[in-house]
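Peer 1: Sequence isn't available, so here's the structure alone:
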């Protein structure tokens, strides 16, 4: 091996000195690496562009960027199977805190109860990062359906549709599907759930009067309700929604069991660094405190409220427990 020349020695000396400095500063290494590598967050969304969840994700991504030092955000729609594909992608992602999943209750709490092999286990594969809202699902009728209330819809189905009608749902084996089942049992009509790949295609068929109505979240329905293109006729929850004070709850029209409201939250792969997730959570709290953000989310139909990781985890477990009982009582068998 050729010996180092005189000109090589200073660079070797400097290199060794830097290596020694790095070794002695090991305690600082992890925070420094995080600060240097948080330029891009990959924010997974399990539903297609144009739906309520996508709109929420893009708004929050825009507002989080300056709160996280100018970090870039890539909102990645992995639509299909009620968010199952996005959840599987989260499980497979590096646990570095830069791939996150913005979702609502269906994927985290409901899918594992209705699918035998969803390809993920939220309790072991994911960790909660932060929650930011609750919302209500609602029954809405298409513009071409003459009914203006649940009672009128039931009467229309019985007298004009031979006792049978189809209602759209944004995903199979979802809370909306169970709502359709309970409505059918309660009112003695044959209501068929028509599953879509998210709320956007369901809304397209409702707007085109290809289907009599649908069950979806208020964020998915509110704008077309305001414009009169669809009519929301009942909402879940233990009280009427502030944006829809004239619309009765399901309990008011005689359908109980839907008082617990779904939630929205952000999740990360298990093993992601807590420091980085806490940093993201704190940034989200600051974003939610902004008057403009709160107003925009509220106008979308969300009840805004920050939840830290522990609070989101508790909310998830409580909601899952409620729906475990409802699904088992329905006799539904996971496929």
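Peer 2: Yep, that arrived. Only a predicted model underlies this, so the values are computations on that prediction, with no experimental measurement involved. Numbers count the residues shown, from 1 in each chain.

Peer 1: helices or strands up against the host helix or strand of residue 203?
Peer 2: Here residue 203, judged by DSSP states H and E, is contained in helix 199-207. Packed against helix 199-207 by the contact rule (3 or more Cβ pairs under 8 Å, 6 or more residues apart in numbering; DSSP states H and E) you find helix 52-67, strand 137-142, strand 164-169, strand 213-217, helix 218-226, strand 230-235. All C-beta atoms are positioned from the backbone trio N, CA, C, and that covers glycine.

Peer 1: List the pairing partners of the second one within its sheet, with orientation.
Peer 2: Listed by DSSP bridges, the sheet partners of strand 137-142 and their directions read strand 213-217 (antiparallel), strand 230-235 (antiparallel).

Peer 1: pLDDT of stretch 150-162, averaged?
Peer 2: Throughout stretch 150-162, pLDDT has a mean value of 98.

Peer 1: Would you mind listing the buried residues in that stretch?
Peer 2: Under the neighbour-count criterion of 16 or more other Cβ atoms under 10 Å, stretch 150-162 has 150, 153-154, 156-158 buried.

Peer 1: Identify the residues contacting that stretch?
Peer 2: Outside of stretch 150-162, the residues within contact range by Cβ atoms under 8 Å, 6 or more residues apart in numbering are 139, 141, 145-147, 163-165, 183, 187, 189, 191, 212-213, 233-234, 248, 253.

Peer 1: ok now that stretch, how far from the chain's centre?
Peer 2: 33 Å (Cα atoms, centre = their mean, to the nearest Å).

Peer 1: gap between residue 246 and residue 150?
Peer 2: 13 Å (Cβ to Cβ, to the nearest Å).

Peer 1: How about residue 335?
Peer 2: 29 Å.

Peer 1: Repeat that for residue 321.
Peer 2: Taking Cβ to Cβ as the measure, residue 321 falls 28 Å from residue 150.

Peer 1: Next: residue 232.
Peer 2: Separation of residue 232 from residue 150 (Cβ to Cβ): 11 Å.

Peer 1: Now do the shared contacts for the two.
Peer 2: Counting by Cβ under 8 Å, 6+ apart, the residues touching both residue 232 and residue 150 are residue 139.

Peer 1: List the contacts of the closest residue to residue 88 other than its chain neighbours.
Peer 2: The shortest distance from residue 88 to any non-neighbouring residue, by Cβ to Cβ, 6 or more residues apart in numbering, is to residue 119 (4.5 Å). If you count contacts by Cβ under 8 Å, 6+ apart, residue 119 has them with 84, 87-88, 91.

Peer 1: what about the helices in the stretch 1-150 of the chain?
Peer 2: Assigned by DSSP state H, counting those that start in this stretch, the stretch 1-150 of the chain shows helices spanning 8-24, 26-37, 52-67, 84-92, 105, 111-114, 122-125, 150-160.

Peer 1: Out of those helices, point me to the one whose mean pLDDT is lowest.
Peer 2: Averaging pLDDT over each of the helices of the stretch 1-150 of the chain puts helix 26-37 lowest, since it has a mean of 36.

Peer 1: Under a three-state scheme, what state does residue 228 occupy?
Peer 2: coil (DSSP: H, G, I helix; E, B strand; the rest coil).

Peer 1: I figured it was touching residue 140, is that so?
Peer 2: No. Using Cβ atoms under 8 Å, residue 228 is not in contact with residue 140; the gap is 11.8 Å.

Peer 1: who's more crowded, the two?
Peer 2: Between residue 228 and residue 140, counted using other Cβ atoms under 10 Å, residue 140 has the larger neighbour count: 29 against 8.

Peer 1: quick one: contacts for the more buried one?
Peer 2: 206, 213-216, 221, 224-225, 230-233.

Peer 1: Repeat the analysis, applying 10 Å as the threshold.
Peer 2: If you count contacts by Cβ atoms under 10 Å, 6 or more residues apart in numbering, residue 140 has them with 167-168, 202-203, 206, 213-216, 218, 220-222, 224-225, 229-235, 247.
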